[in-house]
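# Pasting a predicted model and its sequence here:
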Amino acid sequence: MNELIDAHGRKVTYLRVSVTDRCNLSCRYCREKDMPFIPHESILRFEEMEDIIGLMAGMGVRKLRFTGGEPFARKGFIDFLRRIRQQHPSLGLRITSNGTLLGPHIEALKELDAMMNISLDTLDRARFASITGKDLLPDVLENLRRMAALGIKLKVNAVAMRGENDKELPALAALAMEHPLDVRFIEFMPMGEGSIWSESLFWPADEILAAARQHWELIPCDEANRNAEERGPAKLWKLRDREGRLSAGRFGLISSVSHTFCTTCNRLRLTADGQIRTCLYDDGEWPVRDLLRSQGLEAVRRVILDAVAHKPLGSEILAKSKGPVAMKRMSAIGG
């Protein structure tokens, strides 16, 4: 086994797999409404993803996250997950979804012991439609309710945008008061061709934290915050309201711009069109799709080792930039 250790001493144990760049929503910070999708013939087949996942599990990857686009927009995704679980019963399975298409699959997700991250930037129905292009907030909330009732491990991710959803922090964070889930606010990252990112939209983590403290006492989750494997890039707090009630879930912040976590980054990304990406802020890609089809897994293994050897510190890239960094849109990368 070749362990995946980069030039900065970081050990890669986490693979994020984008199964498609297609999505049934058009969130303004992710992709423009009329952007073309990757041609179907350029997308990795599920069987090819299984081969690469198997290879990387043998190189020390312990955790998988499936993203998109919207992963449930791809036909056969749930059967693909079943095969992955059967082939790799010890791997942690996590899925990032917009939550709109989950209805028929919730019981299967429970059986698969999958952790779910739901992207939800607002609880206001009109604003949800404005941000995403679809009036589907009731579907998301119903699917959240059903998953919580089944005991599926849940995280709600909100991209924090000043002037867009900053006034909704109390309502979103209150989900963690009532339900055993994490509500995490993510700093808006300056990336993607045609990005709407601007300094006026950027709402830094320190200000988000100050806003939360106007409504609750924040109690650090010290044990979870020490365990990077469990919390990921987020810092976590329990909430205590003015009546002294402690939250069922946790409030979190991901300061991906103002306080980066690049020195401890343990992840690689496999894009839907078969590129290995080592850093969200870097456009460097190592193509493996055609190599897999023509030369097999041993050739892919060598490319992965080379990619890891050149994995940069994203904070250095970000520090040199005056605006958006990586130009490939988030839906194609699989954020």
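Sure, I can see it.

# Let me know whether Ala114 touches Thr96 as I believe.
No: in this structure, Ala114 is not within contact of Thr96 by Cβ atoms under 8 Å, at 10.9 Å. The way it works is simple: take the backbone N, C-alpha and C, and place the C-beta from them, glycine included.

# and the closest residue to Pro170 other than its chain neighbours, what does it touch?
Leaving out its chain neighbours, the residue that sits closest to Pro170 by Cβ to Cβ, 6 or more residues apart in numbering is His215, at 5.2 Å. The contact partners of His215, taken as Cβ atoms under 8 Å, 6 or more residues apart in numbering, are 169-170, 173, 241.

# Next: Ala129.
Ala129 neighbours (Cβ under 8 Å, 6+ apart): 135-137.

# returning to that earlier point: mind checking which of the contacts of His215 are in helices?
169-170, 173 (DSSP state H).

# can I get those in JSON lines with neighbour count?
Shown next, in JSON lines, are the ones in helices among the contacts of His215 (neighbours: other Cβ atoms under 10 Å):
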{"residue": "Leu169", "neighbour count": "20"}
{"residue": "Pro170", "neighbour count": "14"}
{"residue": "Ala173", "neighbour count": "27"}
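
# closest to Leu154 among these?
Ala173 (14.4 Å; Cβ to Cβ).

# With Ile78 as the reference, measure out to that closest one.
Noted for Ala173: a distance of 31 Å to Ile78, by Cβ to Cβ, to the nearest Å.

# Which stretches in the stretch 51-200 of the chain count as strands?
63-67, 92-97, 115-119, 154-160, 182-187 (DSSP state E, counting those that start in this stretch).

# Identify the residues contacting the first one?
Residues external to strand 63-67 that are found in contact with it (Cβ under 8 Å, 6+ apart): 13-19, 53, 77, 81, 84, 88, 91-96, 117, 229, 334-335.

# can we see that at 7 Å?
13-19, 53, 91-96, 334-335 (Cβ atoms under 7 Å, 6 or more residues apart in numbering).

# got the CA positions of it in PDB?
Extracted in PDB, the C-alpha atoms of strand 63-67 (Å, rounded to 0.1, in the frame of the first residue of the first chain):
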ATOM      1  CA  LYS A  63     -14.100   8.200   4.400                       C
ATOM      2  CA  LEU A  64     -16.100   8.900   1.300                       C
ATOM      3  CA  ARG A  65     -18.400  11.800   0.500                       C
ATOM      4  CA  PHE A  66     -20.600  11.800  -2.600                       C
ATOM      5  CA  THR A  67     -21.500  15.100  -4.000                       C
END
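
# pLDDT on that strand, on average?
Taken as a whole, strand 63-67 has an average pLDDT of 97.

# swap in the last one?
What strand 182-187 shows for mean pLDDT is 95.

# mind listing what Ser46 touches?
Let me fix one detail, which is that residue 46 is Phe and not Ser. By Cβ under 7 Å, 6+ apart, the residues touching Phe46 are 76, 80.

# any chance you could map the helices in this structure?
Secondary structure of the chain by DSSP H: the helices cover 46-57, 77-87, 106-111, 125-132, 137-150, 169-178, 205-213, 222-226, 228-231, 289-295, 297-309, 314-320, 330-333.
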